[in-house]
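[1] What follows is a predicted protein model with its sequence.
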Amino acid sequence: MEVTQLKNEEEFRETIGKFPITIVDFYSTECPPCEKLAPVYSRLAEEYPDVRFTKIFRQENRPLAASLEVSGSPTLLFFCHGKVQDKRLTGEIDERELRATIDGLIAKEDETYRKVERMESNEERDLVIIGSGPAGLTAAVYAARYGIDQVLIGQLPGGLMTSSHKICNYPSETEIAGMELTQKMADHVTALEVPQLFETVTSIKKDGERFVVSMTGGKTIGAKAVLLATGTKHKHLGLPDEGRLTGKGVSYCATCDAMFYRGKVVAVAGGSDAANTASLYLAEIAEKVYQIYRGTELRGETAWIEQIKKNPKIEVLFESSITKLLGENRLEGVQLDKPFAGSEVLKLDGLFVEIGSDPDMTLIAQMGLRTDEKGYVETAPDQTTSIPGAWAAGDITTNSDNFRQIITACSEGAIAAQSVFKYLQKTK
Ligand SMILES: Cc1cc2nc3c(=O)[nH]c(=O)nc-3n(C[C@H](O)[C@H](O)[C@H](O)COP(=O)(O)OP(=O)(O)OC[C@H]3O[C@@H](n4cnc5c(N)ncnc54)[C@H](O)[C@@H]3O)c2cc1C
């Protein structure tokens, strides 16, 4: 794995919480010890694929460095699950000491998260599927037809599909609402009598050859194989008042919340398919829709882009970003980085944030699954992961050429179920 350059504090905060172990090198220019450390650091990054090696330019990130009491370069800080460790290395860093520190953290990680006593569970299954979006639902259908002893655990069926008001690219359905396609897939799973639990999985621990899956409410299930199909979470703008105004004018789901904005003025942040479809849907309900996008051209399916161009209610503000959310008790507008119609303030009743999504790292990090630099689970063509007995499918993986769609999630779910079947046959 290569050393990741972190540009700013936002990237730093996003990264340190994502992985079990992250090292951050605060470096400077014209710093001989920094230059001496660089090749060693890169070599160790290759040698320790489970540890995330990052670096950040100290001179451009002085407030962050000061807040972490980093006053010299290079300084290596070590983070476990986002928590800074007491041990730090600075100045002329000795490779042996660096190796010993990393080995110590890995040993501690194994002790805490991976090596557990044989754990009790409420029931045993051959396969536990976690996540009931299109990937998990399809895997359950295939697993049922292979006769695998399985259970499907998910918060609510459908996953991100439910956020889509209109799906026009799922073969056999010229046009279908996300909720309707969800219902069809969920009915298929139910018809095959797949045991289902509508729960949130809080941990997955390796226990020898098996896994123990724990849920909110205290239930645990032992499994020979697990399939992670937990999808992604909406990205946030990262603006100061976003949390406070969420649900008070700021929304991440047009399908869910559009109805509150009948006859009102709204904006959509983003420029890809999710944002484009949100704008089109909102235009059916709201009086006016501004789409605020930092790029120069909308991305994604041409069909949606053409519809946006023709829609008199939608106005796209290109090369524009939101710098501030305005409003005391609820959103009243946004501040833009450049004026629109003579003002940097755009008055709004609602803002829909559709700027993409990231994998939910909770279970991925806890299991220590190998990921790419963005946190997507590295998967082989048969959907196996870096941990024997663990599979991943759908939006959380690096497969399908990173084309995150319902059909590709279904495809990965099907492949995973077949691969699990072969694995279980061998272990019988
Ligand atoms: C607005 C919008 C419109 C879209 N439109 C289209 C479209 O028109 N066509 C198309 O092909 N794709 C579309 N997509 C993309 C598509 O929805 C996704 O690619 C697809 O849903 C991914 O499926 P998945 O099963 O991998 O993950 P998800 O659909 O994200 O499902 C994951 C599930 O896992 C559950 N989960 C997560 N963590 C846990 C846990 N710890 N315990 C239990 N359950 C858990 C989640 O609650 C969720 O139900 C759209 C996406 C959005 C946001």
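    Arrived safely, thanks for sending. Numbering: from 1, shown residues only.
[2] dump the residue contacts of the residue lying closest to residue 313 once chain neighbours are set aside.
    Leaving aside its chain neighbours, residue 313 sits nearest to residue 283 (4.3 Å; criterion: Cβ to Cβ, 6 or more residues apart in numbering). To be clear about C-beta, it is placed using only N, CA and C from the backbone, and glycine gets the same treatment. By Cβ atoms under 8 Å, 6 or more residues apart in numbering, the contact list for residue 283 reads 289, 311, 313, 314.
[3] quick one: which of those residues has the most company?
    Compared across the contacts of residue 283, residue 289 has the highest neighbour count, 28 neighbours, by other Cβ atoms under 10 Å.
[4] where does that residue land on pLDDT?
    The predicted structure scores residue 289 at 98 on the pLDDT scale.
[5] Pairing partners for it in the sheet, please.
    With DSSP bridges as the criterion, residue 289 is bridged to residue 266, residue 314.
[6] pull the CA atoms of stretch 302-318 into PDB?
    Output of stretch 302-318 as PDB, limited to C-alpha atoms (Å, rounded to 0.1, in the frame of the first residue of the first chain):
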ATOM      1  CA  THR A 302     -27.100  11.600 -20.300                       C
ATOM      2  CA  ALA A 303     -30.900  10.900 -20.100                       C
ATOM      3  CA  TRP A 304     -31.100  12.700 -16.700                       C
ATOM      4  CA  ILE A 305     -28.800  15.600 -17.800                       C
ATOM      5  CA  GLU A 306     -30.900  16.200 -20.900                       C
ATOM      6  CA  GLN A 307     -34.100  16.300 -18.800                       C
ATOM      7  CA  ILE A 308     -32.500  18.800 -16.400                       C
ATOM      8  CA  LYS A 309     -31.500  21.100 -19.300                       C
ATOM      9  CA  LYS A 310     -35.100  21.100 -20.500                       C
ATOM     10  CA  ASN A 311     -36.700  21.600 -17.100                       C
ATOM     11  CA  PRO A 312     -37.600  25.300 -16.600                       C
ATOM     12  CA  LYS A 313     -37.800  24.900 -12.800                       C
ATOM     13  CA  ILE A 314     -34.200  23.800 -12.500                       C
ATOM     14  CA  GLU A 315     -31.300  26.200 -12.600                       C
ATOM     15  CA  VAL A 316     -27.700  24.800 -12.300                       C
ATOM     16  CA  LEU A 317     -25.100  26.900 -10.600                       C
ATOM     17  CA  PHE A 318     -21.800  25.600 -12.000                       C
END
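[7] For residue 277, the count of nearby residues, please.
    26.
[8] Quick one: classify it as helix, strand or coil.
    helix (DSSP: H, G, I helix; E, B strand; the rest coil).
[9] Am I right that it is in contact with residue 168?
    No. Counting by Cβ atoms under 8 Å, residue 277 does not reach residue 168; the two are 9.2 Å apart.
[10] got the residue ranges for the helices in the stretch 201-350 of the chain?
    For the stretch 201-350 of the chain, the helices defined by DSSP state H, counting those that start in this stretch cover 242-245, 254-257, 273-283, 302-310.
[11] How is the chain partitioned into domains?
    Domains of the chain are assigned by automatic domain parsing as 4-113, 123-232+358-427, 242-353.
[12] so which of those domains is the most packed in?
    Highest mean neighbour count among these (mean count of other Cβ atoms under 10 Å): domain 123-232+358-427, with a mean of 20.
[13] quick check: mean pLDDT across it?
    Per-residue scores along domain 123-232+358-427 average to 93.
[14] can you give me the end-to-end distance of it?
    19 Å (Cα to Cα, to the nearest Å).
[15] Could you give the separation of that domain from the chain centroid?
    Counting by Cα atoms, centre = their mean, to the nearest Å, domain 123-232+358-427 is centred 14 Å from the centre of its parent chain.
[16] hmm, back to that, and the residue nearest to residue 313, what pLDDT?
    Note for residue 283: predicted pLDDT of 97.
[17] got the contact list for residue 155?
    132, 198, 199, 200.
[18] Now with 7 Å, please.
    Applying Cβ atoms under 7 Å, 6 or more residues apart in numbering, we find residue 155 in contact with 198, 200.
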